[in-house]
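Q: Need a 3D model of the sequence below.
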Amino acid sequence: MAILGLGLIGGSLARALRSSGFARQLIGYGHREPSLRRGVELGVIDDFSLDLDEVIERADILVICAPTLVAADLLQQILTRLGGVVDGPVITDAASVKGNLLQAARQACGGNMPPRLVLGHPIAGSERSGVDASDPELFRHHRVILTPVEGNEAAAVELVRDMWLSTGADVVSMAVADHDAVLAATSHLPHVLAYALVDALAQSENSDEIFRCAAGGFRDFTRIASSDPVMWRDIAIANRDALLNAIDLFSEHLGQLRQAVADEDAGGMQETFARAKAARDAFSAILAEQGQEKKT
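A: Numbering: from 1, shown residues only. Prediction:
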């Protein structure tokens, strides 16, 4: 196994694969040697290399765990080096956006889909980052979405599925476009909203009082604004169209709610809040069934 990008996700995956016994040897790759050496010190990986050609030569499976835009560039470098070889290593990734990686792969392969490339995305993370934050239990009971496409080798898809199952994750399959639309609505939009809210309040005249008196709801909603700004900038760029659709839908509903507040439309506000509560309660029940949230 070669982990390309030894941060929170890559380090957690390496720890989980070591714990499950899935991988015989774990190799790290990246441009920051101190981080890779730290991975060896922590026992996250067995060895590392700064040479991409060496890593490709040694690995049976390459897992790209780099930020979204970097992942697309790295994927193109790998596929260019392989030169269309169909019996090379299986390649997968953990990036938050799939459409840009699919496009990058086809550009590198003359419009064709590499048969041993299986794109995927673990729905797990933390506002913390770096290999020191890695956790072998990060993916347990969390969903991993694979986005196989026509032309994928069935054995490669099953190998990647087995890899994620060994971490304790729940693995499902989804079309690339559907994945990007769903993640734009449920992950990328909430991060954008959290960043926008904290930034707006931080620039207000009463920012000191606001943050000093903020309650638990504000803390919980804005926690994700502590995530890596560069990573989320890249995600917003890579998933631009789907994210814009999600922002526009939210803006429309927010505008309707604003009008209800301005009109003192108690009935309209209550209907909105009641629908939202019912939907959130249903979501809580789903999470409880998955062991991710206590029933209330």
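
Q: What segments of the chain are helices?
A: Remark: helices assigned in the chain by DSSP state H are 8-20, 33-41, 52-58, 68-82, 99-108, 154-165, 176-183, 189-202, 207-213, 216-222, 229-238, 240-262, 266-289.

Q: Give me whichever of the ones you listed is most buried.
A: Here the criterion is mean neighbour count by mean count of other Cβ atoms under 10 Å, and of the helices of the chain the winner is helix 8-20, at a mean of 24. Quick note: C-beta positions are derived from backbone N, CA and C, even for glycine.

Q: Out of the helices of the chain, which is closest to Asp132?
A: Shortest distance between Asp132 and those, using Cβ to Cβ, is found for helix 33-41: 7.0 Å.

Q: Next, the angle from that closest one to helix 8-20.
A: Angle between the axes of helix 33-41 and helix 8-20 is 20 degrees (criterion: axes from the mean of the first three to the mean of the last three Cα atoms, to 10 degrees).

Q: so which of the helices of the chain gets nearest Ile145?
A: Among these, if distance is taken as Cβ to Cβ, the winner is helix 176-183, at 5.5 Å.

Q: Pull the distance from that closest one to the chain's centre.
A: Here helix 176-183 is found 12 Å from its chain centre; the criterion is Cα atoms, centre = their mean, to the nearest Å.

Q: Same check on stretch 76-88?
A: Taking Cα atoms, centre = their mean, one finds the center of stretch 76-88 at 24 Å from the center of the full chain.

Q: what about it, start to end distance?
A: By Cα to Cα, to the nearest Å, the extent of stretch 76-88 from end to end equals 15 Å.

Q: Next: stretch 206-221.
A: End to end - Cα to Cα - stretch 206-221 spans 20 Å.

Q: Just give the nearest non-adjacent residue to Thr272, would you?
A: Using Cβ to Cβ, 6 or more residues apart in numbering and skipping residues adjacent in sequence, the residue nearest Thr272 is Leu257, 5.8 Å away.

Q: can you check Leu193 too?
A: Phe250 (7.4 Å).

Q: Quick check, pLDDT for that neighbour.
A: In this model, Phe250 is scored at 97, pLDDT.

Q: Can you report how many residues lie near the nearest residue to Asn245 once chain neighbours are set aside?
A: Distances taken as Cβ to Cβ, 6+ apart put Ala184 closest to Asn245, at 6.9 Å, once the chain neighbours are dropped. Using other Cβ atoms under 10 Å, Ala184 has 25 neighbouring residues.

Q: Kindly report the same for Asp47.
A: With neighbours defined by other Cβ under 10 Å, the count for Asp47 comes to 14.
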